[in-house]
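Undergrad: Please find the sequence and the predicted model below.
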Amino acid sequence: GGWGGGPPPMTSQQPRRGANENTGGFEVTAETKATATVLGDVFELAGKAAHAERRRAFQEKKLREERAEMKKLEAQLQRKRASVEAEEAKLGERKAEVEALSLELNAHNGAVDWAGGLPDALWERIAGLLDEKEAVFPFALTCRRFREMQKRVTSARGKTGIRSKVSFLSKVSAVSGDWCEWAYAEARRVPRPWNRGKLKTNAVSLAARHRHLNTLRCLKEEEPDLSDGKVCDGAALGGHLEVL
């Protein structure tokens, strides 16, 4: 009671100001600061670890997707390789067929004098004996002389000529796929573009009408802009839904 109401003197039990900090009644010691620093580092590392885990999970998912896509591409590659091998085999067959037919054709050409030899009357008789379904058209395209003979023969038969073979589809008998390919190729020799295009599209329609799928595939590969409309028309006339 003798201190005159002033602050009590500092004793050894009371810490000096600055030795420890007192915040809101909580004493922050050096040890507390060290602990807080460690906790801060832990929280920072935990955040980085969580972020790294998310990145790892994302990369793992992406890798799974890429592997799945690679498997699909490998399967497609195997199918494409098999398709190429099949096409190579077909090409070999085509080459052998062309070679054999060329040899046969050369043998026939050597045995026949196309420019003369036989009289027109005999050639007309031969033309009259040809198969009207497939042989008359090639005969007429051999040369101008044979074309005139074909006109006379078909006129005598009451036909309208080779154009009826390709133009009036509803009256055409069955033709082979080879014939359609041949007619399509021969159309390129026609001088007038309009007639050339008409013969080509009608040959395509005939192939569709008589369900020559392999022929249509070959022609489509040669000319991707092949008239799909004519294919549909021919398939509809023949009633072939699988061609459509």
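TA: That came through, no problem. Residues are numbered from 1 along each chain as shown.
Undergrad: where in the chain is pLDDT low?
TA: By pLDDT under 70, the weakly predicted segments of the chain are 1-26, 109-118, 131-143, 155-174, 190-191, 194, 225-227, 244.
Undergrad: hmm, 80 instead?
TA: Applying pLDDT under 80 to the chain flags the ranges 1-28, 105-175, 177-179, 182-183, 186-199, 221-231, 233-244.
Undergrad: residue ranges for the strands of the protein, please.
TA: Ranges of strands in the chain, per DSSP state E, are 21-23, 26-28.
Undergrad: mind checking how far Val204 is from Ser176?
TA: 15 Å (C-beta to C-beta, to the nearest Å). Every C-beta, even on glycine, is put in place using the N, C-alpha and C of the backbone.
Undergrad: quick one, which of these two is more surrounded?
TA: Taking other C-beta atoms under 10 Å, Val204 and Ser176 do not tie; Val204 has more neighbours (28 against 14).
Undergrad: what number of residues lie near Ala207?
TA: Ala207 has 31 nearby residues by other C-beta under 10 Å.
Undergrad: Arg217 is in contact with that one, correct?
TA: No: assessed by C-beta atoms under 8 Å, Ala207 is found out of contact with Arg217, at 10.0 Å.
Undergrad: Show me which residues of stretch 223-243 are buried.
TA: Of all the residues in stretch 223-243, those buried under the rule 16 or more other C-beta atoms under 10 Å are 226, 230-231, 233-235, 237-238, 240, 243.
Undergrad: From the recorded domain assignment, give the ranges for the protein.
TA: 30-111, 119-238 (automatic domain parsing).
Undergrad: highest average neighbour count across these?
TA: Across the domains of the chain, the average number of neighbours (mean count of other C-beta atoms under 10 Å) peaks for domain 119-238, which reaches a mean of 16.
Undergrad: now Cys232: how far from Ser205?
TA: Taking C-beta to C-beta, one finds Cys232 at 9 Å from Ser205.
Undergrad: any shared contact partners between these two?
TA: Here Cys232 and Ser205 share no contacting residue, scored by C-beta atoms under 8 Å, 6 or more residues apart in numbering.
Undergrad: where exactly do the helices run in this structure?
TA: 30-111, 120-129, 136-142, 144-156, 163-166, 177-186, 193-209, 213-222, 228-238 (DSSP state H).
Undergrad: on that earlier part again, next, format the buried residues of stretch 223-243 as TSV and append distance to His212.
TA: Listed next are the buried residues of stretch 223-243 as TSV, based on distance: C-beta to C-beta, whole Å:
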residue	distance to His212
Leu226	13
Lys230	13
Val231	11
Asp233	15
Gly234	10
Ala235	11
Leu237	14
Gly238	10
His240	10
Val243	9
